[in-house]
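Chemist: Predicted model follows, preceded by the sequence.
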Amino acid sequence: MRNFRNLGILTVLSLSVSVAALHAYAAEPAVAPEPAPFPAEGKIKYVARDSILEFKALPEYHEPDWVTKKFVETGKLPPVKDRLPREPLVYKTGNMPDGAGVYGDTMRHVIGGRPEGWNYGAGQTQGWGGIDIGLSECLTRTGPLFQVEAKDTEPLPNLARSWEWSKDGHKLTMHLIEGAKWSDGAPFGADDLMFYWEDEVLDPNVSPLNGATPETFGAGTTLKKIDDYTVEWTFKEAFPKQYLYAMAYGTFCPGPSHILKPQHPKYSKNTYEQFKNAFPPEYMNIPVMGAWVPVEYRPDDIIVMRRNPYYWKVDEKGNQLPYLNELQYKLSTWADRDVQAVAGSGDFSNLEQPENFVASLRRAAEKTAPARLAFGPRLIGYNLRMNFSANGWGNPDERGQALRELNRNEDFRKAVTMAVDRKAIGDSLVKGPFTAIYPGGISSGTSFYDRKSTVYYPFDLKGAKAELAKAGLKDTDGDGFVNFPAGTAGGKNVEIVMLVNNDYTTDKSLAEGVVGQMEKLGLRVVLNGLNGNQRDAANYSGRFDWLLRRNDTELSSVVQNTEQLAPVGPRTSWNHRAPENGEVDMMPYEKELVDIINKFTATQDNDERVNLMKQFQKISTEHVYTVGLTEYPGALIINKRFSNIPEGTPIFMFNWAEDSVVRERLWVAADKQQKYELFPEQLPGKPGEKGPLN
Ligand code: BQZ
Ligand code: CA
C-alpha cells in the first residue's frame with residue numbers, strides 16, 4: 001500500500017518546487033524561512049507509554065524446538081524457564097502491529113562502519129548500523145518513544161524495571177530486573193552497573209562509546225549499590241527526570257563486568273590501551289544482554305550474531321524472544337546499504353543520503369519491489385561546527401590557534417554563515433521537496449522547534465565579505481584568499497582544515513559545497529576526510545579547525561544526549577571541550593547556553609522546558625554556535641517479509657530505527673521465511689571461543 005504513496009512523492013519530484021526567492025539582506029538577522037511541508041508517510045499510531053511492555057511471571061515459557069532438542073535435552077542448557085528472570089520483560093500483544101510471532105529467519109543488515117572490538121564501555125565501536133544498539137541493553141529505553149505523545153512521556157523501563165524518587169527529589173532508587181543472565185549464563189546485577197559507572201564513566205582514562213561522562217548525569221551525581229538488584233542515584237538538583245534519558249542507549253549500557261573487570265588496569269597489570277583492546281573483533285561470543293551474540297567475524301565481509309539463549313524478554317504467550325534466530329551485518333558501505341535494501345539482498349536501511357533518494361524511490365515504487373520505503377519527518381541535519389577552544393584542546397599549532405581565535409570572533413562566524421547558500425547546498429544533494437534551509441540549532445521536525453526563535457542570516461555574499469573585513473581579514477597578497485594579519489601565522493592565507501566523515505557520500509558532497517562557497521567568500525578550506533572511526537577519534541580529541549558533522553539526537557529530540565547541546569561539562573560539546581587538564585574557555589553566550597541546559601535538565605515543568613528551548617534556539621542561532629547547512633527527512637526501508645514494524649517509525653528521533661522498530665519483536669511468517677541463516681540451529685559458544693555451538 002505504500003507504493004502509490006511513493007509514486008506520490010515521485011510526481012512531486014518532477015514538479016519544480018520553488019522556494020520563494022530569498023532577498024539578500026544586509027547582515028540583519030531574519031527569522032528562519034518556513035520549511036516546505038514534507039509529506040511524511042506512515043501515520044504514527046500514538047499509544048500510552050504503559051501499553052508497550054510490563055514485567056511479570058507467565059504460567060509457561062517456550063523456545064524454538066531445535067533449542068529444546070539440541071541443547072536442553074542434551075543437557076547443554078537448562079530449561080528455558082530457568083534461563084529467564086522470575087519476572088521477564090513482557091511485550092504486550094496489543095502494541096504489536098502484527099501480533100505475537102513465530103520463530104525463524106534472519107535480518108540481513110549492511111553497514112558502512114567497521115568493528116574496532118567489543119569493548120563498548122571503553123569506547124570501541126562495533127561498526128554502528130545497529131550492532132551496538134542490539135548488543136548493549138541499557139537501563140532505560142527511548143527509541144520506541146516516537147509512538148508516545150511527547151507531553152507525558154518518560155523513558156521506558158528496560159534493565160531498570162522501575163524507579164522511584166525520594167520526597168525531596170535528590171535521590172532516585174532504581175530496581176533492576178531480577179534473575180536475568182548474560183548470554184553466557186552469568187548473573188546480571190548491580191555489580192555490572194557499578195563497574196560501568198566507577199571504572200568506565202568516572203575513570204578519566206576511559207571514554208565509553210557514545211561519550212558518557214560524569215556530567216552526562218549531572219555534575220556531582222553519585223551512584224551507589226544498595227543490593228544486587230537495587231541502586232541509588234543522588235543528584236544535586238531535585239527531580240532531574242531528564243537524566244532518565246541519559247540512562248538509555250548510548251550512555252548507560254553496562255557491559256559484562258565478570259569479563260571486563262579482570263582486564264581493567266585497576267584490577268590487572270594492563271595499561272588502559274590494553275584494556276580497551278582486550279576484546280578485538282576476532283574475540284567471539286562476548287557475553288551480552290542483547291538479543292543476539294556475535295559468533296562470526298570475517299574482516300571486510302560479515303559479522304554474524306545468533307540468538308541469545310538467556311535473553312530476558314518474552315511475548316505474552318511466554319515465547320522467549322527474539323523471534324529472529326540470527327542477525328547479519330554485511331561489512332560494506334552505507335550507500336550500498338540503501339542499494340541492497342531496495343534490491344532485496346539486504347533487509348534494512350535508514351535512507352539518509354539524499355543522493356540515493358530518487359533511485360531508491362523508483363525501485364521501491366515498482367510492483368515487484370522486495371522492500372517497503374516510507375519517509376518520516378525532517379530530522380536529519382548537518383552542521384558546520386567550529387573549534388572554539390583557544391586554550392589547547394587538540395594541541396593546535398600557531399596557525400590552528402590563530403584560527404580558533406577567529407572561530408571565536410562573531411563577525412567571522414557571521415561572514416561564514418552568510419556566505420553559505422543553503423538552497424544551493426540542499427539542491428546539490430537532491431532536487432525536490434526534501435531538503436530545507438537549516439540555520440542550525442534544533443531540528444524543525446522536533447516538538448521543541450520554534451521557527452520564530454530561530455535566527456537566520458540569509459545568503460548575502462556582499463554582506464559576508466563586509467563581515468570578514470570587520471573580522472580584520474584582508475587578501476593582502478591578492479590571490480583571492482584572505483590572509484591572517486601580519487605577525488599572525490606569518491600573515492599567510494587563512495587556511496582552514498575541515499574534518500569530514502569519508503564514509504558518507506553526503507558528508508563529502510556537503511564538504512565540497514562548503515569549500516566552493518567559502519572560496520567565493522575568500523576563505524581557503526582544505527578537507528581532512530577520514531573514515532568514521534578516525535573521524536570520531538579526531539573529533540573527540542579536538543584535532544580539527546572546522547568539523548562537518550551530521551546531527552545527533554540532541555538536535556533531533558532535544559531530550560536525548562541533551563548535554564551535547566552546550567559545553568555543560570569538559571567533554572560534552574561536539575565542538576568545544578576542555579584541554580587535558582583545563583577548563584572549557586566558554587564565550588559569554590556559551591555560558592548562557594550552559595545555564596539554559598542546566599535549567600532545562602532541572603525542571604519538569606513542560607511549559608518552562610519549551611520556553612527554555614526557545615531561548616536556547618535564539619541564543620545559539622543568533623551567535624552562530626553552529627553553522628547549519630541543510631536538513632531533510634529520512635526514509636525507513638525494510639524488506640516486506642518482516643512483520644511487527646510499527647507504522648511511521650522514524651529513522652532517527654530518540655535513537656536510530658534499529659532501536660525504534662524493536663527488532664526482538666520482529667518476525668517472519670512461516671510461509672515467507674527464507675533460508676538465509678548462516679548458522680541454522682546453532683547457539684553462541686563460550687566467551688572468547690571460536691564461533692557458535694553446534
Ligand atoms: C544508523 C547508525 C546506528 C554515529 C553512525 C555513524 C557513526 C557515527 C552514527 C545510521 C550509522 C548509520 O550512523 O549511518 O543510519 O544505522 O549507524 O548506530 O555515522 O560514524 O559516529 O554517531 O550513529
Ligand atoms: Ca591571500
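Modeler: Structure received. Numbering: from 1, shown residues only. Ligands and ions are numbered 1, 2, ... in the order given.

Chemist: Against residue 463, how distant is the residue of the stretch 301-450 of the chain found nearest ligand 2?
Modeler: Ranked by Cβ to the ion, the top residue of the stretch 301-450 of the chain for proximity to ligand 2 is residue 399, at 14.0 Å. (C-beta placed from N, C-alpha, C; glycine too.) Taking Cβ to Cβ, to the nearest Å as the measure, residue 399 falls 27 Å from residue 463.

Chemist: ditto for residue 618
Modeler: 21 Å.

Chemist: residues touching the residue nearest to residue 112 when sequence neighbours are not counted, list them.
Modeler: Excluding the flanking residues, the one nearest residue 112 by Cβ to Cβ, 6 or more residues apart in numbering is residue 334, at 3.4 Å. For residue 334, the contacting residues are 111, 112, 129, 352, 353, 503, 504, by Cβ atoms under 8 Å, 6 or more residues apart in numbering.

Chemist: can we see that at 10 Å?
Modeler: For residue 334, the contact set (Cβ atoms under 10 Å, 6 or more residues apart in numbering) comprises 110-113, 128-129, 349-350, 352-353, 356, 501, 503-507, 532.

Chemist: And for residue 409?
Modeler: Here residue 409 is in contact with 415, 467, 470, 471, 472, 473, 587 (Cβ under 10 Å, 6+ apart).

Chemist: Pick out the residue of the stretch 501-650 of the chain closest to ligand 1.
Modeler: Of all residues in the stretch 501-650 of the chain, residue 532 sits closest to ligand 1, at 3.4 Å by Cβ to the nearest ligand atom.

Chemist: ditto for the stretch 101-250 of the chain
Modeler: For the stretch 101-250 of the chain, Cβ to the nearest ligand atom, closest residue to ligand 1: residue 128, 3.3 Å.

Chemist: Next one: the residue lying closest to that residue once chain neighbours are set aside from residue 355, what distance?
Modeler: Computed as Cβ to Cβ, 6+ apart, the closest residue to residue 128 that is not its neighbour in sequence is residue 113, at 4.0 Å. According to Cβ to Cβ, residue 113 stands 19 Å off from residue 355.

Chemist: Next: residue 341.
Modeler: To residue 355, residue 341 is 15 Å away according to Cβ to Cβ.

Chemist: Kindly state the beta-bridge partners for the closest residue to ligand 1 within the stretch 251-400 of the chain.
Modeler: The minimum distance from the stretch 251-400 of the chain to ligand 1, using Cβ to the nearest ligand atom, falls at residue 350 (3.6 Å). Bridge pairing for residue 350 (DSSP bridges) gives the partners residue 636.

Chemist: what's it in contact with, if anything?
Modeler: By Cβ under 10 Å, 6+ apart, the neighbours of residue 350 are 129-130, 334, 337-338, 341, 376, 380, 634-637, 650-652, 656-658.

Chemist: Please give the number of neighbouring residues around residue 224.
Modeler: Residues near residue 224, counting by other Cβ atoms under 10 Å, number 13.

Chemist: For it, pull up the helix or strand it's in.
Modeler: Using DSSP states H and E, residue 224 maps to strand 222-227.

Chemist: next one: residue 175
Modeler: Using DSSP H and E, the element containing residue 175 is strand 171-176.

Chemist: Quickly note the distance from residue 34 to residue 452.
Modeler: 11 Å.

Chemist: no no, residue 59
Modeler: To residue 452, residue 59 is 56 Å away according to Cβ to Cβ.

Chemist: How about residue 208?
Modeler: 38 Å.

Chemist: More neighbours: those two, which one.
Modeler: Neighbours per residue, other Cβ under 10 Å: of residue 208 and residue 452, the larger number sits with residue 208, 25 against 10.

Chemist: any chance you could map the helices in the stretch 501-650 of the chain?
Modeler: 505-521, 532-540, 553-556, 588-602, 606-622 (DSSP state H, counting those that start in this stretch).
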